[in-house]
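Peer 1: Any chance you could fold what I've pasted below:
(2 chains)
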Protein chains: 2
Amino acid sequence: MPQLRKDPIIGRWVIIAIERAKRPGDFGVFPDKEDIAQDKCPFCAGHEHLAPPEIFSARGVRVVPSIAPILRIEGELDRHGLGIYDAMNGIGAHEIIIEAPQHISNTAQLPVEQVEAVIATQIERIKDLHNDNRFKYVLVFKNYGHAAGGSRINHARSQIIATPVNPKRVKEELAGAMKYFELKERCIFCDIIKQELAEGTRIIAEIDGFVVLSPFAARFPFETWVLPKKHSCDFYKLDKKEFSKLAAALKVALSKLSKALNDPPYNYVIHTAPFRNTHKPGYWRTIDHDYHWHIEIIPRLTHMAGFEWGTGFYINPTPPEDAARFMKETICDAEVK
Amino acid sequence: MPQLRKDPIIGRWVIIAIERAKRPGDFGVFPDKEDIAQDKCPFCAGHEHLAPPEIFSARGVRVVPSIAPILRIEGELDRHGLGIYDAMNGIGAHEIIIEAPQHISNTAQLPVEQVEAVIATQIERIKDLHNDNRFKYVLVFKNYGHAAGGSRINHARSQIIATPVNPKRVKEELAGAMKYFELKERCIFCDIIKQELAEGTRIIAEIDGFVVLSPFAARFPFETWVLPKKHSCDFYKLDKKEFSKLAAALKVALSKLSKALNDPPYNYVIHTAPFRNTHKPGYWRTIDHDYHWHIEIIPRLTHMAGFEWGTGFYINPTPPEDAARFMKETICDAEVK
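Peer 2: Predicted coordinates:
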């Protein structure tokens, strides 16, 4: 069983994935191995017997449990102290969303209808996990390419991790947005979108109710966000009619990154409000008004990040205005259509 | 002039290093280039004309300004708003500490007397920068190896960046340590050291007043901390008599990592309290009691980190107890002597 441990100083939870335990010799061997050949890909149509049994499937998108889950679904939550430390057993869910039947590696290359089916599936799975009162948050993310933590199987997929605690970054965003709301009685993300659209220098694209932009204080070169113009704190409450529009915006963002930066590895993370069903009324009072879901995409331009995550001190060599201009000028097929 | 920009949501400052501006084509070319040959190394003895003029030198350690400074020393601080955003001009200092006259790449390979000279120099430079009221913090860190942000020049050096703002991670640590102190009237780091020494499972080495350990909630495989047993919040106030002991502890930590993991790239960051000379009395009232300086070393075992820095949600495949045991059992020359 994996274990969740809380950093005693700054309060961040870390998953110690005991069953994946690595010995020193296990590191560094990865880059030398070859990628899995397409005829052995466990995620291609016809190879379903090579992957675990399906949890869900629709419109060519399939969901299976992770074969190396970082959290386990079975059991009751057990929070406990270890002297001054706090720990908890690793209860959660870890699912893999196989984005298409074909052996396509980058979501940017999928037809927009297929990206729409992926979004519909992500939302369907969040709704289902929402029924489990043990979970506080569902992280939806993608690791594309080795440098972004992707595996040797080049078949497009995203991942879902349901957690019994809220990730630190989410808590920080909620706290920051709440503080702004208390001061201004407006959503900070709505204000950001308004200012960005008025200024225009960091806007990459505007697609049918969605904005693609480089954030003002971007931590990484070509960091790119996709935000809905319409205020909402929960990604999973997105109206069905909006799925195709979000799919178009996400595809444009990923395609422009791919073309501008020569198919870079990247991560994307969907930032959405935590579940509120296990909290007493009042606690999350303002969240509907002050938080605003969005997608953050970070290309992994290797060797650029240094000591940054050790200090929370980021140095970005590419002004977001330059990144946005270049991305805007990079015309991709997704736009031409 | 570089620019400091504040993330409007979570309040983190980011340096936009405008003068280093990167175009998309500038990324990814780095790994193909060869390292600089020793006979062209600007940091070797006899090649001083290839590096900028010295700021300081003693016992074979030389300090020069960075040739690509991420912050500039000249000018007055200028904080200003840009609509809802906050920015500031990039005033600061960026210095390179050349750790030895010889072409040695890893600090682990330096004689312990030379490591001591490096520590003495780091402290000397912090003391000097402390006199500049524009600065709030001095980051001392090292990038070793390409994957850790190191350059193509394989000559051991560390870096110093003086900043007009406090890094987010430092603020979080201060806030966490203060909260614990308010509750317990004890330093959390002192308590951690006591519990770790009593338990022993995460202790890697104990050297003359210094403890080398794997932290309980380690974010990364083989993350290693060096802590002084004696309580003090300021690294730069370390007693001269202790320099050689810290040098021995740091050398043992780096040597064990190097041997256990086959010379991995790594970062280390010295975590120390911010300068208090520009604050009104009372504001930092408890800091002397509740913060505790230490060094955090993070080996960069590539492809292990995924979306972690995007979410503050870390997955560590190596329990710190396993890492500590392995590191303890890896006997290095530094210990044998």
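
Peer 1: surely residue A:93 meets residue A:159?
Peer 2: No. Contact criterion Cβ atoms under 8 Å: residue A:93 and residue A:159 do not qualify, at 10.6 Å. Backbone N, C-alpha and C define where each C-beta goes, glycine included.

Peer 1: Comparing the two, which residue is more hemmed in?
Peer 2: Using other Cβ atoms under 10 Å in any protein chain shown, the more surrounded residue of residue A:93 and residue A:159 is residue A:93, with 22 against 19.

Peer 1: for that one, what are its contacts?
Peer 2: Contacts for residue A:93 (Cβ atoms under 8 Å, 6 or more residues apart in numbering or on different chains) come out as A:65, A:69, A:71, A:73, A:129, A:132, A:135, A:160, A:161, A:162.

Peer 1: Look at the residue nearest the centre of chain A and give its secondary structure.
Peer 2: Residue closest to the average C-alpha location in chain A (Cα atoms, centre = their mean): residue A:269, at 1.7 Å. Here residue A:269 is recorded as strand under DSSP: H, G, I helix; E, B strand; the rest coil.

Peer 1: Look up how far residue A:248 lies from it.
Peer 2: 20 Å (Cβ to Cβ, to the nearest Å).

Peer 1: same thing with residue A:194?
Peer 2: 22 Å.

Peer 1: Of these two, which one has the most company?
Peer 2: residue A:248 (21 against 14).

Peer 1: tell me which element that one is part of?
Peer 2: helix A:243-260 (DSSP states H and E).

Peer 1: can you tell if that helix touches chain B?
Peer 2: Yes. Helix A:243-260 lies within reach of chain B by Cβ under 8 Å from any Cβ of the partner chain, at residue A:260.

Peer 1: what helices or strands is that helix leaning on?
Peer 2: Packing partners of helix A:243-260 (3 or more Cβ pairs under 8 Å, 6 or more residues apart in numbering or on different chains; DSSP states H and E): helix A:112-130, strand A:203-207, strand A:210-213, strand A:224-228, strand A:266-271, strand A:294-299, helix A:320-329, helix A:333-336.

Peer 1: ok, now which ones touch residue A:43?
Peer 2: Residue A:43 makes contacts with A:51, A:62, A:98, A:103, A:153, A:155, A:157, as judged by Cβ under 8 Å, 6+ apart.

Peer 1: Kindly report the same for residue A:315.
Peer 2: Residues in contact with residue A:315 (Cβ under 8 Å, 6+ apart) are A:306, A:308, B:14, B:15, B:17, B:70.

Peer 1: same thing but 7 Å
Peer 2: Taking Cβ atoms under 7 Å, 6 or more residues apart in numbering or on different chains, we find residue A:315 in contact with B:15, B:17, B:70.

Peer 1: How about residue A:211?
Peer 2: By Cβ under 7 Å, 6+ apart, the neighbours of residue A:211 are A:193, A:196, A:197, A:203, A:227, A:229.

Peer 1: need those residues in TSV with distance to chain B and neighbour count, can you?
Peer 2: Output for those, formatted as TSV (distance: Cβ to the nearest Cβ, whole Å; neighbours: other Cβ atoms under 10 Å in any protein chain shown):
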residue	distance to chain B	neighbour count
A:193	11	22
A:196	9	22
A:197	12	14
A:203	14	19
A:227	12	22
A:229	17	15
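
Peer 1: Select, from the residues you listed, the two members most distant in space.
Peer 2: Spanning the widest gap among these are A:203 and A:229, at 11.9 Å by Cβ to Cβ.

Peer 1: can you pull out the helices in the stretch 51-200 of chain A?
Peer 2: Assigned by DSSP state H, counting those that start in this stretch, the stretch 51-200 of chain A shows helices spanning A:112-130, A:168-184, A:188-199.

Peer 1: Deepest-packed of those helices, please.
Peer 2: Comparing these by mean neighbour count (mean count of other Cβ atoms under 10 Å in any protein chain shown), helix A:112-130 ranks first with a mean of 20.
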